[in-house]
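A.B. asks: the following comprises the amino acid sequence and a computationally predicted model.
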Amino acid sequence: MPVILGPNRYGKAETRLVRVVRDGGVHHIKDVNVSSALSGDMEDVHLTGGNAAVLPTDTQKNTAFAFAGKFGVGQIEDFALLLARHYVDSQPTIHHARVEIEEYSWRRIPVSGDRQHSFVRDGQEVRTCIVHHDRDGRSTVVSGLRDLVVLNSTGSEFHGYIEDEYTTLQPTADRILATAVSAQWRHSGVSSSSSSSFGESYTEVRRCLLEAFAETHSLSLQQTLYAMGERVLTTREEVCEIRFAMPNKHHFLVDLAPFGLGNDNEVYYAADRPYGLIEGAVLRDDAPDAAFAWE
Ligand SMILES: O=c1[nH]c(=O)c2[nH]c(=O)[nH]c2[nH]1
């Protein structure tokens, strides 16, 4: 039976890289996790074990560290583009590079005196990007975040849904709405200029997400998801599509009647599982073709 090699890629996953930028006694921390995946002329390595086309994953790890030393890390999208372009442009056997970076943010610990080198991890939120570059010169950039945990303690209702023989959920006109937002947004174009605006874009998209979450009177988490996406797309022209995964972090009112107490929307049980999982994309109706951006 004839057998052929299917789609494949290989690379170094999760190179944990920390760079300290020293501005005199004032230090800055860049803490990232870099994963690269390359594809191209990889028939031989799979079919015969000939490695002539292979840029070792160990070299990919070294390149991430070397580039951090040589160029700094800066905005993760720029660093990912730098790496992806380098792999494709420097190695004829590499036709496509995918670079994914996560960034963990650190906040300075305010202390008296001139000590400026102590930090505390800034929550559990993670900034992300996935960049692709191919030998036709096409680049795509998807920026994102995950574990942005938000809660509205009122302003959320849920009623009017299907009720069948298995439904026990009570309709509510006032509930807690909480979620851990995972969002990824696709940039319409990728400029090759070195004056990056990915930092400002990230800050503003995040602001849109938070403001839309807070300002939307919610009849469902789905409606809130759409409102958040719509806010980003109507505010940030560089973004053409945004995808969400939002767990509904259920808060159930506790029945305090057995203890002779009422519960006027005050005491909740915060269940961690199971959770509703609401996923969806919001995009411009004229969004350019995504090509391989989401792969
Ligand atoms: O916002 C919600 N959307 C749902 O689809 C759903 N389903 C459910 O049980 N609770 C909720 N809440």
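C.D. replies: Ah, there it is. As the structure is a prediction and not an experimental result, all values here were calculated from the model.
A.B. asks: mind checking how far the residue lying farthest from the centre of the chain is from residue 18?
C.D. replies: The C-alpha centroid of the chain is most remote from residue 260, which lies 46.3 Å away (Cα atoms, centre = their mean). From residue 260 across to residue 18, the span is 55 Å (Cβ to Cβ, to the nearest Å). Backbone N, C-alpha and C define where each C-beta goes, glycine included.
A.B. asks: give me the number of residues near whichever residue of the stretch 51-200 of the chain sits closest to the ligand?
C.D. replies: Per Cβ to the nearest ligand atom, residue 158 is where the stretch 51-200 of the chain lies closest to the ligand, at 4.6 Å. Using other Cβ atoms under 10 Å as the criterion, residue 158 is surrounded by 19 other residues.
A.B. asks: just the one 3 residues further on next, same as before
C.D. replies: Taking other Cβ under 10 Å as the neighbour definition, residue 161 ends up with a count of 9.
A.B. asks: wait, it touches residue 170, no?
C.D. replies: No: the criterion here is Cβ atoms under 8 Å, and residue 161 misses it with residue 170 at 11.0 Å.
A.B. asks: restricting to C-alpha, output the top helix by length along the chain in CSV.
C.D. replies: If you go by DSSP state H, the chain has its longest helix at helix 198-215. C-alpha atoms of helix 198-215 as CSV (Å, rounded to 0.1, in the frame of the first residue of the first chain):
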residue,chain,number,x,y,z
PHE,A,198,2.4,46.4,18.4
GLY,A,199,2.8,47.7,22.0
GLU,A,200,0.2,50.4,21.6
SER,A,201,-2.1,48.2,19.7
TYR,A,202,-2.0,45.6,22.5
THR,A,203,-2.6,48.1,25.2
GLU,A,204,-5.6,49.6,23.3
VAL,A,205,-7.2,46.3,22.3
ARG,A,206,-6.9,45.2,26.0
ARG,A,207,-8.6,48.4,27.0
CYS,A,208,-11.4,47.9,24.5
LEU,A,209,-12.0,44.3,25.8
LEU,A,210,-12.2,45.5,29.4
GLU,A,211,-14.4,48.5,28.7
ALA,A,212,-16.8,46.5,26.6
PHE,A,213,-17.0,43.8,29.2
ALA,A,214,-17.7,46.4,31.9
GLU,A,215,-20.1,48.5,29.9
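A.B. asks: is the ligand contacted by that helix?
C.D. replies: No: for helix 198-215, no contact with the ligand is found by Cβ under 6 Å from any ligand atom; the gap never falls below 12.9 Å.
A.B. asks: helices or strands up against the helix or strand following that helix?
C.D. replies: Using DSSP states H and E, the helix or strand that follows helix 198-215 in sequence is helix 221-235. Helix 221-235 is packed against strand 177-187, helix 198-215, strand 239-248, strand 276-283, with contacts defined by 3 or more Cβ pairs under 8 Å, 6 or more residues apart in numbering; DSSP states H and E.
A.B. asks: contact partners of helix 221-235?
C.D. replies: 177, 179, 181, 183, 185, 204-205, 208-209, 211-213, 216, 218, 239-240, 242, 244, 246, 248, 276, 278, 280-284 (Cβ atoms under 8 Å, 6 or more residues apart in numbering).
A.B. asks: measure residue 245 to the ligand for me?
C.D. replies: For residue 245, the distance to the ligand (Cβ to the nearest ligand atom, to the nearest Å) stands at 14 Å.
A.B. asks: next one: residue 42
C.D. replies: Counting by Cβ to the nearest ligand atom, the gap from residue 42 to the ligand is 43 Å.
A.B. asks: now do the contacts for that residue.
C.D. replies: 5, 8, 10, 53-54, 93.
A.B. asks: and the helices and strands packed on helix 221-235: which comes nearest residue 254?
C.D. replies: Nearest to residue 254 among the helices and strands packed on helix 221-235 is strand 177-187; the distance by Cβ to Cβ comes to 15.9 Å.
A.B. asks: name the residues of the protein found near the ligand, please.
C.D. replies: Near the ligand, when you scan the chain using Cβ under 6 Å from any ligand atom, you find 158, 169, 220-222, 248, 276.
A.B. asks: and stretch 122-139, what's buried?
C.D. replies: By 16 or more other Cβ atoms under 10 Å, the buried positions in stretch 122-139 come out as 125-134, 139.
A.B. asks: can you give me the neighbour number for residue 249?
C.D. replies: Residue 249 has 20 neighbours, counted by other Cβ under 10 Å.
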